[in-house]
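Colleague: From the sequence below, what's the structure:
(one chain, ligands or ions: 2)
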Amino acid sequence: MHQLGHTRSVHRTHHFLHTPDTFVRAPLPGMQDATAIIHISRARGAAFTQYTAELEQGGRLGPAVGQRFVYVLEGELEIYGDSFSAGDYAYIPPGSDAVVAATCAARVVVIEKPYCQLSDIQPPDFLAGQESRVEAKPLMGDDGLQVRTLLPDSPAFDFAVNTMTYQPGAALSMVEIHVMEHGLLMLSGGGIYRLGDDWYPVTAGDFIWMAPYCPQWFGALGKTPAKYLIYKDWNRHPQVDRR
Ligand code: UGY
Ligand code: MN
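Modeller: Ligands and ions are numbered 1, 2, ... in the order given. Have a look, this model is predicted:
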């Protein structure tokens, strides 16, 4: 049903709120029995690509452009013979032969980015993890806001992916303004996101892109925790071209 041209999606120069009512699906090269909702990419000026892949049973992703991070939202994947279900994730290094296939219908967060090599450090190896086994740490001493850092704290990684869980009423303690850009998928709950000079109600299923230096703040609303998965570029000098 059409909404007379209304949507919560908002496209601005320094931020983008992408809500499910505006998602358009199209397969990427090499995908089999799968399709992608491309939330953000170079086409919009980001240094990374983030999409939600929807795979049928037996479906698979095409080859990655650069390194790839996958986080399972729903269903089950197989990579190198190991199975990955909701909350499981994998880091796949550049040039890897890893095949990402669905053993049942699955929805997956996929982040891809060319690897930014440092002269004295090798790229990371393949890594598999389970979010539930990552220790949650309070952000800036606030027990109501817990962060799980999914990738190791190592300069070999040129990006970070974390989950952040806010108890109802919890909020970032400051408006952040920083050089890193973000790709963010709301996993559950909701609240108000400040982006630039605007405040938006956001809920599970929404995607947000924040350009470098986009002022940002979030406060959780409702009776259940709000949780999001957040990407940021990391561990590299900003003078280096990240694309
Ligand atoms: O890691 C971050 O920069 C994070 N605190 N930003 C955010 O939640 N918008
Ligand atoms: Mn931030």
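
Colleague: which ones are touching the closest residue to ligand 1 within the chain?
Modeller: Residue nearest to ligand 1 within the chain: residue 216 (4.4 Å; CB to the nearest ligand atom). Using the backbone N, CA and C atoms, a C-beta is placed for each residue, glycine as well. When the contact criterion is CB atoms under 8 Å, 6 or more residues apart in numbering, the partners of residue 216 are 172, 175-177, 182, 193-195, 210.

Colleague: and this structure, which of its residues are near ligand 1?
Modeller: 164, 172, 176, 182, 216, 218, 230, 232 (CB under 6 Å from any ligand atom).

Colleague: In the sheet, which residues pair with the last one? Tell me.
Modeller: The one in question is residue 232. Beta-bridge pairing for residue 232 (DSSP bridges): residue 160, residue 182.

Colleague: One more: the fifth one?
Modeller: According to DSSP bridges, the residues that bridge with residue 216 are residue 176, residue 195.

Colleague: And it, how far from residue 25?
Modeller: 28 Å (CB to CB, to the nearest Å).

Colleague: now swap in the first one and tell me
Modeller: Here the distance between residue 164 and residue 25 works out to 27 Å (CB to CB).

Colleague: and the two? which has more neighbours close in?
Modeller: Remark: of residue 164 and residue 25, residue 164 carries more neighbours, 21 against 13, as counted by other CB atoms under 10 Å.

Colleague: what helix or strand does residue 102 sit in?
Modeller: strand 101-113 (DSSP states H and E).

Colleague: Of all the residues in that strand, which ones are buried?
Modeller: 101-103, 106, 108-113 (16 or more other CB atoms under 10 Å).

Colleague: Show the contacting residues for residue 54.
Modeller: For residue 54, counting by CB under 8 Å, 6+ apart, the contacting residues are 25, 34-37, 105-107.

Colleague: run the last query once more with 7 Å
Modeller: 25, 34-35, 107 (CB atoms under 7 Å, 6 or more residues apart in numbering).

Colleague: mind giving me CSV with those residues and columns for secondary structure and pLDDT?
Modeller: Output for those, formatted as CSV (DSSP: H, G, I helix; E, B strand; the rest coil; pLDDT from 0 to 100):
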residue, secondary structure, pLDDT
25, coil, 98
34, strand, 98
35, strand, 98
107, strand, 98
